[in-house]
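*Asks:* sequence and predicted model, in that order:
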2 protein chains.
Amino acid sequence: MKKNITIYDISKALGLSASSVSRALKDHPRISIKTKELVKKKAKELGYKPNQIAASLRTGASSIVGVIIPTIHHNFFSKVISGLEEVLAQNNLATIITQSHESLDKEKANLDVLLNTHVLGVIASISKQTQNLDHFKRLLNRNIPVIIFDRTTKNPITNSVVVDDFTGAYKATEHLIQNGYKRIAHFTVSFNLHIYQERMRGYRSALEDHGMAFDPDLVLEVNSDIEQGKMAAQKLIRLPDPPDAIFSSSDYSALGAMQFLKEKGIEVPGEFGIVGFSNETFTEHVTPSITTVDQKPLLMGKEIGLTFLGLIKREGDPFNPIIKKLVIEPDLLVRESSARKKNESPKKH
Amino acid sequence: MKKNITIYDISKALGLSASSVSRALKDHPRISIKTKELVKKKAKELGYKPNQIAASLRTGASSIVGVIIPTIHHNFFSKVISGLEEVLAQNNLATIITQSHESLDKEKANLDVLLNTHVLGVIASISKQTQNLDHFKRLLNRNIPVIIFDRTTKNPITNSVVVDDFTGAYKATEHLIQNGYKRIAHFTVSFNLHIYQERMRGYRSALEDHGMAFDPDLVLEVNSDIEQGKMAAQKLIRLPDPPDAIFSSSDYSALGAMQFLKEKGIEVPGEFGIVGFSNETFTEHVTPSITTVDQKPLLMGKEIGLTFLGLIKREGDPFNPIIKKLVIEPDLLVRESSARKKNESPKKH
DNA sequence: CTGTTAGCGCGTTCAA
DNA sequence: TTGAACGCGCTAACAG
């Protein structure tokens, strides 16, 4: 059990005071260049590592950023984290990751843990149960920066980084219309969450702009899950007037629907078009490959990191009521599952 | 900016000393039940939250566990983290995640960050460049527990949790043999890393046990990447005596190979068998679905968490030379890509 | 069973 | 430009 080197050890070795060492290490302006060099050299020589814990206790701030996400093993979230962690690490900030598992209680509990750890700030994407951002106000009151990304509420109380869900959904639906599909259904993951409401709004708007009626019977709430997608597709084709395409807010339920249709001998994309959302890895590799909306998660993670750095650098400004919203434009990735020729008329089934 | 409630505030409110409050909160045995109740009630009333930073500085240990992995956005790693985080969170431990991006330097830098954060312990899977575990010795010398999982070296210097790669590879190869494939190639991700050496050993052993020759020309070092898989498959079929099956240590290169063969009109599994490794999400959903080895990452994460908890609970034992290795048996998931009937003779191509 | 005292390592007054 | 002294909040000796 080796003892750690402290500023004390190096102050003794140099015949200086601990405070001078502290200042020299931090490039304090009122320390002579010579002393600074001396101290830094000695520090390296002795293998000095600053004790962040002690610094945290003293200053009340750490170099740890807390993250709360619903689940880490979704392609989208793990890629966002990846981009975020890259930017933060470059700035010597560590990242604590916690999962809410779609539970509001867990989300609140995680917030407690992060607060107790004295995180520099919190970056979160809310759970399916979360209806408002009130529990984040505690942090804002203490001037701890909070960024909400992707899943947020309608009225932001803090900075956010989101995808333009409306436009992504609009493009996806319009693409189906332009490829000759006449009756387009929609799978929404949750009627509650704002991002899914936005996607539904984009879907509806595209329909109406192209003179197609919005039919509530064609909108189903379907979990992001293959089995649920299958069951929902079954419901749809049993309708008196069934659709010939689905725009799904989830790639998983899109895949489930596609598998169900295949089993029933309904041809995708010939008879039935499918578009998903999120660009999960499998969408590119299934047969037929699935047209989907790419939210650029890696870019999003980096942007979140940059936004965060901007927030903490402006620390002299204790009361900063400017709430910014960064919107990333998603891309429609056109693949096979929606490729019916424009004027090809569908077979009856 | 509200001030935090400290044990001092509650000691004053109750006319007790701070240390009694501290002890009461920690359920110290030599505190009266009455006092404990009083203190806890007051604590809740005032909204007291323990300051972990101060506790860390005092005790030298935090309630944060550090994790180092090559990359978070691989299904396997994100699922391991998910399982691990679940177990640790249940025990009020937070998880810091860092990525090495397959670089030894980054791995070492991450270790520094974690040490400065005074983590309780470190859980790591080493990068492709990492040849030995020397940089982890600093932690062990300070009696900080370290667990290495999945990717480790041949000679462990600390506890580890791994998959039985040899057996997984053996089962995969044997399965191809039993399905009538006669000349089986192997993609290894890296000749350096022990886990891949083990898989190669399993491959070789299965061949030899079934009277088939091991041919070094059929073993290629291929990155875990679709494009690389395509190129490697091309090399293989250009051989004077080409193989009729591949056992790949990566699902990604397995998929690449399969795509290449499809393009060339070579039928999978009829003419050519393919088995991958890791059970990436897409393997189940591509056409044909890919037979692969499931490493049970969620279970693995939980086991790592449990092992870790065992390690830190035994804190009174400063010198503990017992190095344990927990080995998880992987499952072979038989799917379509390897389903040639046992005695069907292959077409020539 | 409870109180007193001290110190973890650092950053920041204040004073020189 | 530098040093002395203090305290962030908590826990662990030691003492009673």
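*Replies:* Yep, that arrived.
*Asks:* please report how far residue A:21 lies from DNA strand C.
*Replies:* 8 Å (C-beta to the nearest atom of the strand, to the nearest Å). Backbone N, C-alpha and C define where each C-beta goes, glycine included.
*Asks:* my guess is that residue meets residue A:39, correct?
*Replies:* Yes: contact status for residue A:21 versus residue A:39: in contact at 5.4 Å, counting by C-beta atoms under 8 Å.
*Asks:* which neighbours do these two have in common?
*Replies:* Shared contacts of residue A:21 and residue A:39 (C-beta atoms under 8 Å, 6 or more residues apart in numbering or on different chains): A:10, A:14.
*Asks:* neighbour count winner among those two?
*Replies:* When residue A:21 and residue A:39 are compared for neighbours, residue A:21 comes out ahead with 28 against 24, by other C-beta atoms under 10 Å in any protein chain shown.
*Asks:* quick one: mean pLDDT for the helix or strand that one falls within?
*Replies:* In this structure, residue A:21 sits in helix A:18-25 according to DSSP states H and E. Average pLDDT, helix A:18-25: 88.
*Asks:* OK, contacts around the nearest residue to residue A:305 once chain neighbours are set aside?
*Replies:* Leaving aside its chain neighbours, residue A:305 sits nearest to residue A:87 (2.9 Å; criterion: C-beta to C-beta, 6 or more residues apart in numbering or on different chains). For residue A:87, the set of contacting residues under the criterion of C-beta under 8 Å, 6+ apart consists of A:301, A:302, A:304, A:305, A:306, A:309.
*Asks:* quickly find the element holding residue A:87.
*Replies:* With the criterion set as DSSP H and E, the secondary-structure element containing residue A:87 is helix A:75-90.
*Asks:* about what we covered before: for ChimeraX, write the select line for the buried members of the contacts of residue A:87.
*Replies:* Here is the ChimeraX selection string for the buried members of these, based on 16 or more other C-beta atoms under 10 Å in any protein chain shown:
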select /A:301,302,304,305,306,309
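*Asks:* can you list the contacts of residue A:87 in CSV and add distance to DNA strand C, secondary structure and pLDDT?
*Replies:* Listed next are these as CSV, based on distance: C-beta to the nearest atom of the strand, whole Å; DSSP: H, G, I helix; E, B strand; the rest coil; pLDDT from 0 to 100:
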residue, distance to DNA strand C, secondary structure, pLDDT
A:301, 29, helix, 96
A:302, 28, helix, 96
A:304, 27, helix, 96
A:305, 23, helix, 95
A:306, 25, helix, 93
A:309, 19, helix, 90
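*Asks:* name the residues that touch the helix holding residue A:21?
*Replies:* Contacting residues not belonging to helix A:18-25 are listed as A:7-8, A:10-11, A:14, A:30-31, A:35-36, A:38-40, A:43, A:50 [C-beta under 8 Å, 6+ apart].
*Asks:* list the buried ones in it?
*Replies:* Neighbour-count burial for helix A:18-25, with 16+ other C-beta under 10 Å as criterion, is recorded at A:20, A:21, A:22, A:23, A:24, A:25.
*Asks:* okay, domains of chain A per the record?
*Replies:* A:7-46, A:53-157+A:297-328, A:165-295+A:332-338 (automatic domain parsing).
*Asks:* state the helix or strand in which whichever residue of the stretch 101-250 of chain A sits closest to DNA strand C lies.
*Replies:* With distances taken as C-beta to the nearest atom of the strand, the stretch 101-250 of chain A approaches DNA strand C most closely at residue A:118, which sits 12.5 Å away. If you go by DSSP H and E, residue A:118 is not part of any helix or strand.
*Asks:* neighbours around it, how many?
*Replies:* Residues near residue A:118, counting by other C-beta under 10 Å, number 22.
*Asks:* how close does it sit to residue B:50?
*Replies:* Here the distance between residue A:118 and residue B:50 works out to 11 Å (C-beta to C-beta, to the nearest Å).
*Asks:* coming back round to it: closest one to chain B out of the contacts of helix A:18-25, please.
*Replies:* Of all the contacts of helix A:18-25, the one sitting nearest chain B is residue A:50; the distance, using C-beta to the nearest C-beta, is 6.4 Å.
*Asks:* show me the contacts for that closest one.
*Replies:* Shown in contact with residue A:50 (C-beta under 8 Å, 6+ apart): A:25, B:116.
*Asks:* that one belongs to a helix?
*Replies:* No: when classified by DSSP: H, G, I helix; E, B strand; the rest coil, residue A:50 is found to be coil rather than part of a helix.
*Asks:* just the buried residues of helix A:18-25 now: which is nearest residue A:102?
*Replies:* Distance from residue A:102 was checked for each of these by C-beta to C-beta. The minimum falls on residue A:25, at 44.6 Å.
*Asks:* poorly predicted segments of chain A, please.
*Replies:* Low-confidence regions of chain A, defined here as pLDDT under 70, cover residues A:1-3, A:314-322, A:341-349.
*Asks:* that one: strands as residue ranges?
*Replies:* A:64-69, A:94-99, A:121-124, A:146-149, A:159-163, A:184-188, A:219-221, A:245-248, A:273-275, A:292-294, A:325-328, A:331-333 (DSSP state E).
*Asks:* among the ones you listed, which comes closest to chain B?
*Replies:* For those, the distance to chain B is smallest for strand A:94-99, at 4.9 Å, taking C-beta to the nearest C-beta.
*Asks:* which helices and strands sit right next to that closest one?
*Replies:* Helices and strands touching strand A:94-99, as assessed by 3 or more C-beta pairs under 8 Å, 6 or more residues apart in numbering or on different chains; DSSP states H and E, comprise strand A:64-69, helix A:75-90, helix A:104-116, helix B:75-90, strand B:94-99.
*Asks:* out of these, deepest packed?
*Replies:* Across these, averaging neighbours per residue (mean count of other C-beta atoms under 10 Å in any protein chain shown) puts strand A:64-69 on top, at a mean of 26.
*Asks:* adjacent strands (with direction) for that one?
*Replies:* Based on DSSP bridges, the pairing partners of strand A:64-69 within the sheet are strand A:94-99 (parallel), strand A:121-124 (parallel).
*Asks:* could you export the longest one as CSV, keeping only the C-alpha atoms?
*Replies:* To tie it back to what came earlier, the one meant is strand A:94-99. Output of strand A:94-99 as CSV, limited to C-alpha atoms (Å, rounded to 0.1, in the frame of the first residue of the first chain):
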residue,chain,number,x,y,z
ALA,A,94,-15.1,11.4,-16.8
THR,A,95,-18.5,10.1,-17.6
ILE,A,96,-20.7,8.2,-15.1
ILE,A,97,-23.5,6.2,-16.8
THR,A,98,-26.7,5.2,-15.2
GLN,A,99,-29.8,3.6,-16.6
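*Asks:* which other residues reach it?
*Replies:* Counting by C-beta under 8 Å, 6+ apart, strand A:94-99 makes contact with A:63-72, A:81, A:84-85, A:88-89, A:106, A:110, A:113-114, A:117, A:119, B:64, B:81-82, B:85-86, B:89, B:94-98, B:113-114, B:117, all of which sit outside it.
*Asks:* now do the contacts for the nearest residue to residue A:226 once chain neighbours are set aside.
*Replies:* In this structure, residue A:226 finds its nearest non-sequential neighbour in residue A:256, 3.9 Å apart by C-beta to C-beta, 6+ apart. Contacts here follow C-beta under 8 Å, 6+ apart; on that basis residue A:256 touches A:225, A:226, A:227, A:228, A:229, A:230, A:231, A:232, A:233.
*Asks:* neighbour-wise, which one of these leads?
*Replies:* Once you tally neighbours by other C-beta under 10 Å, residue A:233 ends up highest among those, having 31 neighbours.
*Asks:* how far away is that residue from DNA strand D?
*Replies:* Per C-beta to the nearest atom of the strand, residue A:233 is found 55 Å from DNA strand D.
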